[in-house]
Structures are given as structure tokens and as C-alpha cells.
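**Student:** what's the 3D shape of this:
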Amino acid sequence: MDEFQTGESLRAKKALGQHFLRDQQAIRRIAGAVAEGSRVIEIGPGPGAITEALLARVGELTVIEMDDRFAAHWQQRAVTRPGLQVMHGDVMKLLFAAVEQAAPQWIAGNLPYNLSGPLTAMLASVPLDGGMVLMYQREVAERICAEPGSKVYGGLSVLARHHYEVKRLLTLPPGAFSPPPKVHSAVIVLLPHHRIPPCDYAQLQKAVRQGFAHRRKTIANNFRGEISAEQFEAVGIDPRHRPEQLDYHAWVKITGLLSALPPA
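**Tutor:** As a prediction, this is how the structure comes out:
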């Protein structure tokens with residue numbers, strides 16, 4: 001990896017939200033959270049700090065890289081490294097194709113800061129046997145890990161629990177990265193709870209998006225004209241509650257109420 005250690009080749013591109021992890025202890029902990037010998041997708045390998053640790057640990061690794069510089073390197077590396085596959089392009093467009101092709105047990109990555117919200121919503125829809133180890137800005141990680149009643153509890157908090165239990169692995173200061181971001185970062189682990197999902201993910205996402213559109217309004221107001229107060233009460237939901245007061249199971253019930261509506 002010498003060609004990536006200094007100079008122009010390592011310079012992060014602000015437009016891609018790049019901040020490269022340099023903390024060796026953190027790298028070991030992230031890679032160590034992934035089961036040995038497993039099939040893994042890594043999102044945004046960049047110069048490969050986490051990638052190298054994964055290659056030493058896993059059975060098969062597919063990397064998704066948008067940056068031409070790094071994609072070219074990993075494509076060259078794949079020629080002589082069995083089990084390494086490279087997908088060059090936008091992860092928002094390639095994720096589902098990569099999952100279908102690689103059949104991963106785990107997904108890992110230092111997620112681009114500018115894509116973390118919509119990308120997480122996509123990732124949360126993918127059920128894996130192993131799980132996910134993902135790095136975020138600390139405030140985004142806190143939102144995903146938040147419990148009902150928290151001021152930062154929101155749509156991602158709900159969606160992440162459709163297939164997974166969520167826990168924080170570690171928090172990192174700006175100095176752990178090159179270049180240092182302006183905020184702390186955090187790594188979270190999503191482990192499958194292996195319960196059969198009680199509703200369709202896309203329908204849940206639609207309900208959550210609508211329900212959290214106006215956080216200060218009551219849930220009855222956010223679904224006015226579609227779900228009555230009496231219907232909320234019939235399924236055990238107080239219509240006066242605000243969206244951040246409702247746990248995953250309440251959102252499943254709301255999804256059911258919306259799904260029962262006649263077509264518009």
C-alpha cells in the first residue's frame with residue numbers, strides 16, 4: 001500500500017465525504033467484529049486501512065469503491081488476490097446488486113458522511129446472517145442507536161431495528177482520521193435478531209418517513225385524514241404521542257393501519 005501512504009494519491013476528496021481511518025487499534029477492533037472466514041462487502045475501502053485487516057481475516061471480500069484512484073488499485077490487487085472482488089461505482093446504485101452477487105454474511109465500511117442517512121436506510125433493508133459494522137459521524141450513530149423518548153430518536157432508529165439489534169462499538173476523535181473531520185465518529189454493530197419481520201420494510205419506511213416529517217406534531221396530526229384517533233387507540237397507540245415516543249412495534253402497527261387503507 002506504499003503508493004497510498006503520502007502525497008496526492010491519498011488526498012481525500014471532499015465531494016466524496018472522504019476521511020481515512022488511521023487509528024490502528026480501531027482498525028483491529030472493526031475487523032475483529034467481523035466473523036473469521038466469512039463473506040464480506042466493504043463500502044468505500046479507500047486506501048485500504050480496514051480492507052487490509054479484513055483481507056487477513058475473511059474468506060471472500062467484495063469492495064465497492066467510487067473513487068477512480070482506489071478502484072483501479074483494488075482491481076489490480078484482485079488479479080493476484082483470490083477472493084477479492086471489486087465493484088467500481090456509486091454504492092447507492094450498486095449496493096443491492098453487490099448483495100445479490102456476493103451473498104455476504106457481513107457488511108462493513110467507513111460510510112461517506114454525505115450519504116450516511118439514505119445509505120443506512122438501504123442497508124437496514126438487507127437481512128444478513130452475520131451483521132454489519134459501520135462507521136458514522138457520532139451524531140448519526142447516536143440517532144441510529146437511540147431509544148424511544150430520546151430527542152435524537154428518529155426514522156433510522158426505527159428502520160435499523162427491522163432486522164437488527166444495534167449497539168455502539170467505539171467512538172473515535174477527529175485525530176483518528178486523515179484528514180481529521182470536524183466531528184467525532186462512532187462505529188456501531190448491527191446484529192441480526194433473527195425474528196421474522198412483522199411487516200414489509202418498504203411500507204415501514206413509508207410510514208416512518210411520513211410520521212417523522214413533523215416531529216413536533218402528534219402522531220394523529222401527522223396521519224390526519226388517513227388514521228383516526230379511534231384507530232390508533234384500537235391498536236394501543238395514544239394518538240397524542242409524538243413520533244419519537246413510539247417504539248418499533250408501534251410503527252409496525254401504524255404500517256399495518258396504512259396498508260389496510262383502500263387505494264387512493
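**Student:** so where's the stretch 151-264 of the chain uncertain?
**Tutor:** Segments of the stretch 151-264 of the chain classed as low confidence (criterion: pLDDT under 70) are 264.
**Student:** Now do the strands in it.
**Tutor:** For the stretch 151-264 of the chain, the strands defined by DSSP state E, counting those that start in this stretch occupy 164-172, 177-178, 185-192.
**Student:** The shortest one: how far from the chain's middle?
**Tutor:** Pointing back at strand 177-178 there. Distance, stretch centre to chain centre, for strand 177-178: 21 Å (Cα atoms, centre = their mean, to the nearest Å).
**Student:** The first one now?
**Tutor:** Between the centre of strand 164-172 and the centre of its chain there are 11 Å (Cα atoms, centre = their mean).
**Student:** tell me which residues in that strand are buried?
**Tutor:** Of the residues in strand 164-172, those scored as buried under the neighbour-count criterion (16 or more other Cβ atoms under 10 Å) are Y164, V166, L169, L170, L172. C-beta: built from backbone N, CA, C; applies to glycine.
**Student:** and these as JSON lines, adding distance to I144?
**Tutor:** As requested, the buried residues of strand 164-172 are arranged in JSON lines below (distance: Cβ to Cβ, whole Å):
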{"residue": "Y164", "distance to I144": "10"}
{"residue": "V166", "distance to I144": "6"}
{"residue": "L169", "distance to I144": "12"}
{"residue": "L170", "distance to I144": "15"}
{"residue": "L172", "distance to I144": "16"}
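**Student:** on that earlier part again, quick one: which of the strands of the stretch 151-264 of the chain is nearest A229?
**Tutor:** Each of these was scored for nearness to A229 using Cβ to Cβ, and the closest is strand 164-172 (31.5 Å).
**Student:** what's the angle between the closest one and strand 185-192?
**Tutor:** Compare the direction of strand 164-172 with that of strand 185-192 by axes from the mean of the first three to the mean of the last three Cα atoms, to 10 degrees and you get 160 degrees.
**Student:** tally of neighbours for the residue nearest to L55 when sequence neighbours are not counted?
**Tutor:** Leaving aside its sequence neighbours, L55 sits nearest to L61 (Cβ to Cβ, 6 or more residues apart in numbering; 5.9 Å). For L61, the tally of surrounding residues (other Cβ atoms under 10 Å) stands at 27.
**Student:** Test my guess that L61 contacts P82.
**Tutor:** No - checked against Cβ atoms under 8 Å, the pair L61 and P82 is beyond contact range at 10.4 Å.
**Student:** hmm, back to that, redo the strands of the stretch 151-264 of the chain as CSV? Include distance to C199.
**Tutor:** Below are the strands of the stretch 151-264 of the chain laid out as CSV (distance: least, Cβ to Cβ, whole Å):
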stretch, distance to C199
strand 164-172, 15
strand 177-178, 38
strand 185-192, 17
